[in-house]
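> got a predicted structure here, sequence first:
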Amino acid sequence: EAQVTQNPRYLITVTGKKLTVTCSQNMNHEYMSWYRQDPGLGLRQIYYSMNVEATDKGDVPEGYKVSRKEKRNFPLILESPSPNQTSLYFCASRGKGQALGYTFGSGTRLTVV
Amino acid sequence: GEDVEQSLFLSVREGDSSVINCTYTDSSSTYLYWYKQEPGAGLQLLTYIFSNMDMKQDQRLTVLLNKKDKHLSLRIADTQTGDSAIYFCAVTPMGGGATNKLIFGTGTLLAVQP
């Protein structure tokens, strides 16, 4: 089944403790993105990648890092999480045709205390 | 930058039509999408329309695009309780394809009453 898989689904952590949220897609998609969803703000893009070793900042990149060493994986790294990063995070991927839109993962609900 | 706005809430009765509206600011937007988010799930692409189209129909879904007013709408015919979800409008701004950018609205919660 074509899908984007994120792990974990839920995570509670403490301020300053480094964490990684993994994202993997099995559709051989070139483009991958990370979004955060907050009430009243919709989804905002954190980082995106156009292909292996090609990443760039989205609208809200502060406090986050990403890497794209393989085409299928696009992990999101929080080096020193803070409470304002408590949010619902989505990874998404798409192929070269924009009409196909994005395929989204099921989301990771992160709470930083 | 691009701004995309939606009303927050819509309530309809089962069997009625639902119309969810969206306005955007960037007239050069190329692709415009509607996504559906069910509770506890990711976003699912429902349909899209390209900017040179006025209307697109796909079974119970009809998308209307008014480029002059920068207004996009999604009509769901014969709304069912299973259509209850949050619906997001999203647009690709000029050059957005190269930057992988998609601008989302805040989402409209559709509640379908039996």
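Structure received. Residues are numbered from 1 along each chain as shown, chains lettered A, B, ... in the order given.
> then the lengthiest strand in chain A to CSV, C-alphas only?
Ranked by number of residues, the top strand in chain A under DSSP state E is strand A:42-51. Extracted in CSV, the C-alpha atoms of strand A:42-51 (Å, rounded to 0.1, in the frame of the first residue of the first chain):
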residue,chain,number,x,y,z
GLY,A,42,-3.9,25.7,9.7
LEU,A,43,-0.8,23.9,8.5
ARG,A,44,2.5,25.7,8.3
GLN,A,45,5.5,24.3,6.4
ILE,A,46,8.6,23.7,8.5
TYR,A,47,11.1,22.3,6.0
TYR,A,48,11.0,20.7,2.6
SER,A,49,13.1,18.6,0.3
MET,A,50,13.2,18.4,-3.4
ASN,A,51,15.4,15.3,-3.6
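> ok, residues contacting the helix or strand that that strand is followed by?
Using DSSP states H and E, the helix or strand that follows strand A:42-51 in sequence is strand A:54-57. With CB atoms under 8 Å, 6 or more residues apart in numbering or on different chains as the test, strand A:54-57 has contacts from A:47-50, A:66-68, B:99. All C-beta atoms are positioned from the backbone trio N, CA, C, and that covers glycine.
> what's the closest of the residues you listed to B:Leu65?
Sorting the contacts of strand A:54-57 by how near they are to B:Leu65, with CB to CB, puts B:Thr99 at the top with 22.4 Å.
> quick check: beta-bridge partners of A:Cys23?
Applying DSSP bridges to A:Cys23 gives these bridge partners: A:Gln6.
> for B:Ser18, that is, sorry about that
B:Ile76.
> that one and B:Val12 touch, don't they?
Yes - using CB atoms under 8 Å, B:Ser18 is in contact with B:Val12, at 4.8 Å.
> more crowded one of those two?
B:Ser18 (21 against 17; other CB atoms under 10 Å in any protein chain shown).
> tell me the contacts of that one?
Listed by CB under 8 Å, 6+ apart, the contact partners of B:Ser18 are B:10, B:12, B:74-76, B:79, B:83, B:110, B:112.
> let's see that with 10 Å instead.
B:10-12, B:60, B:74-79, B:83, B:87, B:108, B:110-112 (CB atoms under 10 Å, 6 or more residues apart in numbering or on different chains).
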